[in-house]
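Trainee: missing the sequence, but the structure's below:
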Ligand SMILES: Nc1nc2c(ncn2[C@@H]2O[C@H](COP(=O)(O)OP(=O)(O)OP(=O)(O)O)[C@@H](O)[C@H]2O)c(=O)[nH]1
Ligand SMILES: [Mg+2]
């Protein structure tokens with residue numbers, strides 16, 4: 001068998017054209033072996049120091065890191081990260097739109113590889129057109145069949161009834177078999193694909209989305225250096241009729257596996273008591289105890305945009321939770337989406353300080369749009385209110401639970417974001433035709 005070429009220190013230095021006193025200085029442990037940081041990370045300080053395209057790659061560096069054998073990735077100072085996209089051949093145009101914008105605003109400076117996934121082979125046209133839009137390496141992967149088919153414990157008759165029922169009541173794509181496979185794959189399989197074995201981080205990109213702002217720092221280094229596990233930029237409600245049993249299943253998981261819950265987990269922002277006025281008193285322990293009155297308020301990170309740690313998704317806790325839900329059949333008897341599942345998983349297994357709101361990334365998916373208020377981000381979009389996307393996706397006919405405060409304010413919590421103007425009253429606001437979510441002291445555009 002041919003031996004891999006072992007790079008000598010001098011070769012590494014020559015190729016990079018910059019001094020490295022010890023190439024192993026850049027040896028970085030993978031997530032799993034990172035020791036807890038004694039000094040709490042300071043993401044804001046990190047941004048101040050690194051938002052000058054500090055880690056932008058030269059063409060020479062890019063070519064070097066592309067040329068080293070697979071093991072070379074282990075000494076690269078770059079995070080092992082990829083832009084990932086599940087997409088159909090027929091969505092090529094839409095994907096090209098997303099890629100053009102993300103490449104222009106960000107990735108042309110950082111050259112992270114793209115990994116495309118499909119439930120069938122990608123066409124030559126798809127491969128050529130996408131590779132043509134980036135200097136980074138592209139990989140084209142087919143999802144293994146066992147990750148994209150009905151598990152044998154699913155009763156097909158019951159599944160057919162669900163397709164018909166959810167389709168009839170108007171739950172979005174409730175009648176589509178492929179949509180169910182897609183949600184299940186995004187919940188429990190994407191991180192198991194062999195192509196991602198050598199990666200620690202991902203950024204999910206869908207066809208037909210928009211990126212509006214120039215991003216001047218390395219998102220993946222930001223995540224890694226600040227010990228973050230999950231990043232989002234919209235926190236919203238969707239049609240909860242697609243996951244009626246999700247919370248009771250989650251609660252039973254918590255009862256059965258309290259050992260998986262992170263000691264610093266904070267589910268308060270996801271739980272409401274029945275009376276909106278007392279919502280803030282719902283506690284995580286009330287969920288854990290099984291008898292508490294905290295109910296899931298249906299808030300979710302809108303997962304078509306997400307940046308995450310693959311080690312987190314591969315963790316025993318997340319795996320146990322996914323399997324718990326999967327065995328109960330909610331992806332097929334209901335239409336569980338990956339968004340609420342990722343949300344609950346991250347909230348249960350990660351301290352809130354390791355979840356990041358990318359307020360600075362201007363982004364649009366269909367009717368949902370997020371645009372930062374600060375012109376320093378150089379965005380081609382008008383700033384959106386903090387609450388802009390709150391319940392846009394909830395159909396009028398869905399009589400579902402909504403939190404007392406908008407999801408993003410529930411998440412951000414402190415800093416006065418849930419404070420109401422003196423004398424403001426939700427019932428009065430509704431009586432005058434409002435939706436009861438006005439009255440905040442801070443608009444979020446400050
Ligand atoms: N290859 C492949 N990709 C799929 C399939 N179904 C969905 N996807 C991809 O999965 C992602 C989510 O699917 P969408 O249909 O956009 O779901 P959504 O974002 O909830 O719905 P929209 O609001 O209509 O965009 C997109 O990137 C799709 O391209 C499928 O059957 N095959
Ligand atoms: Mg979509």
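Mentor: Perfect, I can see it now. Quantities reported herein were computed from a predicted structural model and do not represent experimental measurements. Numbering: from 1, shown residues only. Ligands and ions are numbered 1, 2, ... in the order given.

Trainee: for the residue minimising distance to the centre of the chain, which non-adjacent residue is spatially closest?
Mentor: In the chain, the centroid-proximal residue (Cα atoms, centre = their mean) is residue 306; its distance is 2.5 Å. Distance criterion Cβ to Cβ, 6 or more residues apart in numbering; nearest residue to residue 306, sequence neighbours excluded, is residue 204 at 4.9 Å. The way it works is simple: take the backbone N, C-alpha and C, and place the C-beta from them, glycine included.

Trainee: cool, residue 315 as well?
Mentor: residue 349 (6.7 Å).

Trainee: now do residue 424
Mentor: Residue 424 sits nearest to residue 439 (Cβ to Cβ, 6+ apart), 3.4 Å away.

Trainee: can you check what pLDDT the model gives the one you found?
Mentor: pLDDT recorded at residue 439 is 90.

Trainee: what is the neighbour count of it?
Mentor: 16 (other Cβ atoms under 10 Å).

Trainee: quick one: secondary structure of residue 180?
Mentor: helix (DSSP: H, G, I helix; E, B strand; the rest coil).

Trainee: I'd guessed it sits against residue 333; true?
Mentor: No - the pair residue 180 / residue 333 is not scored as a contact, 9.9 Å apart, by Cβ atoms under 8 Å.

Trainee: any low-confidence regions in this protein?
Mentor: Applying pLDDT under 70 to the chain picks out residues 1-38, 69-74, 274-293, 375, 414-415.

Trainee: and for the longest helix along it, what's in contact with it?
Mentor: In the chain, taking DSSP state H as the definition, the longest helix is helix 156-169. Defining contact as Cβ atoms under 8 Å, 6 or more residues apart in numbering, one finds that helix 156-169 is touched by 150, 174-177, 241-242, 329, 332-335, 397.

Trainee: centre of the chain to that helix, how far?
Mentor: For helix 156-169, the separation from the chain centroid amounts to 28 Å (computed by Cα atoms, centre = their mean, to the nearest Å).

Trainee: any residue of it up close to ligand 1?
Mentor: No - using Cβ under 6 Å from any ligand atom, helix 156-169 stays clear of ligand 1, with a minimum separation of 13.7 Å.

Trainee: in that helix, what counts as buried?
Mentor: With burial defined by 16 or more other Cβ atoms under 10 Å, the residues of helix 156-169 counted as buried are 159, 162-163, 166.

Trainee: ok, the closest residue to residue 182 other than its chain neighbours - contacts?
Mentor: With sequence-adjacent residues excluded and distances taken as Cβ to Cβ, 6+ apart, residue 182 is closest to residue 86, at 6.8 Å. Residue 86 makes contact with 116-118, 143, 182, 185-186, 190, 206 under the criterion Cβ under 8 Å, 6+ apart.

Trainee: 7 Å instead?
Mentor: 117, 182, 185 (Cβ atoms under 7 Å, 6 or more residues apart in numbering).

Trainee: from ligand 1, how far out is the second one?
Mentor: Here the criterion is Cβ to the nearest ligand atom, to the nearest Å. By it, residue 182 lies 4 Å from ligand 1.

Trainee: ok, that residue - how many residues close by?
Mentor: 19.

Trainee: picking up where we left off before, isn't the residue nearest to residue 315 up against residue 263?
Mentor: No - here residue 349 does not reach residue 263: they are 10.7 Å apart, not a contact under Cβ atoms under 7 Å.

Trainee: who has more neighbours out of the two?
Mentor: The neighbour count for residue 349 versus residue 263, taken as other Cβ under 10 Å, is higher for residue 349 (22 against 5).

Trainee: and that one, how far from residue 341?
Mentor: 12 Å (Cβ to Cβ, to the nearest Å).

Trainee: of residue 180 and residue 333, who's got more company?
Mentor: residue 180 (26 against 19).

Trainee: check contacts around the more buried one.
Mentor: 331-332, 335.

Trainee: go with 10 Å
Mentor: 150, 154, 159, 162-163, 166, 173-174, 330-337 (Cβ atoms under 10 Å, 6 or more residues apart in numbering).

Trainee: repeat that for residue 46.
Mentor: Taking Cβ under 10 Å, 6+ apart as the test, what residue 46 contacts is 217, 221-222, 225-226.

Trainee: please apply the same query to residue 364.
Mentor: Here residue 364 is in contact with 101, 208-212, 234, 305, 370-371, 381, 384, 389 (criterion: Cβ under 10 Å, 6+ apart).

Trainee: including secondary structure, could the residues you listed go into CSV?
Mentor: Listed next are those as CSV, based on three-state DSSP:
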residue, secondary structure
101, helix
208, coil
209, strand
210, strand
211, strand
212, coil
234, coil
305, coil
370, strand
371, coil
381, coil
384, coil
389, coil
